[in-house]
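here is a sequence together with a model predicted from it:
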Amino acid sequence: MDPVTQPRRAMVVTIDGPAGSGKTTVSKLLARRLGYRYLDTGALYRAVAVAVQQSDANPDDDTALAALCGRIHLDLQETADGARVLLDGKDITGALRAPAISLLASTISARPVVRTFLLETQRTLGAQKSLVAEGRDMGTVVFPHAEAKFYLDADPRIRARRRFEELQAAGSGPSLTVVEQEMVQRDRNDTTRSVSPLKPAADAIRIDASDLTAEQVVGRMLERILPLA
């Protein structure tokens with residue numbers, strides 16, 4: 001899709017919110033409409049989770065996590081098939097959405113050593129502007145001075161249904177009941193962790209996407225972004 005308009009000045013746009021709220025779909029669509037780059041920070045945490053799983057490192061051991069982060073290399077690449085995530089040169093994109101990786105990513109994202117490891121990478125990308133950054137603390141911690149901030153949410157049951165359908169479309173996944181249980185646990189992990197908990201930035205625009213399509217959500221965001229440009 002061609003950009004709806006090219007903003008007169010480069011900006012960083014952040015989109016935070018819980019799992020299943022539609023952040024990924026909306027962020028990718030908004031980035032295309034603006035002609036911006038898309039940064040899926042959740043994919044970076046999932047990539048570290050894959051590394052933890054593959055190495056059998058203890059996700060509660062900061063020393064082990066620090067050692068792991070010190071020896072792995074992560075890369076994001078844009079291809080004709082979309083963004084790909086590489087761990088030490090190997091494409092692991094297909095493994096990132098597995099339920100076990102989702103829960104592990106939620107666990108390790110609370111560890112300061114992991115957040116420190118990824119923070120510099122994210123801010124380096126943000127310094128170049130023209131970026132839509134999706135995550136859980138983009139507007140509160142990573143890019144506190146972003147020009148436009150949004151917090152996307154939806155009814156928990158709707159979020160669980162969306163995630164269930166996403167997993168089914170990929171050809172695998174647990175039952176809807178299990179997805180709902182895992183989402184409740186992940187929400188609890190994300191909102192109660194002591195380091196960078198999931199919450200709206202004080203100046204973020206909140207959007208309830210329960211009854212909105214991705215296009216409608218992007219439309220509301222553009223109404224706020226374009227006057228700033």
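Now that the structure is in, tell me what you want to look at.

distance check, residue 220 against residue 128.
As judged by CB to CB, to the nearest Å, residue 220 and residue 128 stand 26 Å apart. Any C-beta I mention is one placed from the backbone N, CA and C, and that applies to glycine too.

settle it for me: which of these two has more neighbours?
The residue with more neighbours, out of residue 220 and residue 128, is residue 220; 15 against 10, by other CB atoms under 10 Å.

give the contact list for the more buried one.
Residue 220 makes contact with 207, 212, according to CB atoms under 8 Å, 6 or more residues apart in numbering.

and the contacts of the worst-scoring helix or strand of the chain on mean pLDDT?
Sorted by mean pLDDT, DSSP states H and E, the helices and strands of the chain end with strand 74-79, the least confident at a mean of 80. Applying CB under 8 Å, 6+ apart, the contact partners of strand 74-79 are 37, 39-40, 43-44, 47-48, 83-87, 89, 121.

what strands flank that strand, and is each parallel or antiparallel?
Applying DSSP bridges to the sheet, strand 74-79 is found paired with strand 82-87 (antiparallel).

mind saving the C-alpha coords of the strand it pairs with as CSV?
C-alpha atoms of strand 82-87 as CSV (Å, rounded to 0.1, in the frame of the first residue of the first chain):
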residue,chain,number,x,y,z
GLY,A,82,8.2,-9.2,5.5
ALA,A,83,10.4,-8.7,8.5
ARG,A,84,12.7,-11.6,9.5
VAL,A,85,14.5,-12.2,12.8
LEU,A,86,17.9,-13.7,12.8
LEU,A,87,19.6,-15.3,15.8
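
what's the next secondary structure element after it?
Heading C-terminal from strand 82-87, the first helix or strand you meet, by DSSP states H and E, is strand 90-91.

what helices or strands is the longest helix seen in the chain leaning on?
In the chain, taking DSSP state H as the definition, the longest helix is helix 176-192. Using 3 or more CB pairs under 8 Å, 6 or more residues apart in numbering; DSSP states H and E as the contact test, the elements touching helix 176-192 are helix 99-108, helix 156-169.

what lies in contact with it?
The contact list for helix 176-192 (CB under 8 Å, 6+ apart) reads 18-20, 99, 102-103, 106-107, 109-110, 136, 156-157, 159-161, 163-164, 167, 173-174, 197-199.

let's see it at 7 Å
With CB atoms under 7 Å, 6 or more residues apart in numbering as the test, helix 176-192 has contacts from 18-20, 99, 102-103, 106-107, 110, 136, 156, 159-161, 163-164, 197-199.

what's the PyMOL line that selects buried ones from those?
Burial among those is assessed by 16 or more other CB atoms under 10 Å; the matching PyMOL selection reads:
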select buried, resi 18+19+20+99+102+106+107+110+136+156+159+160+161+163+164+198
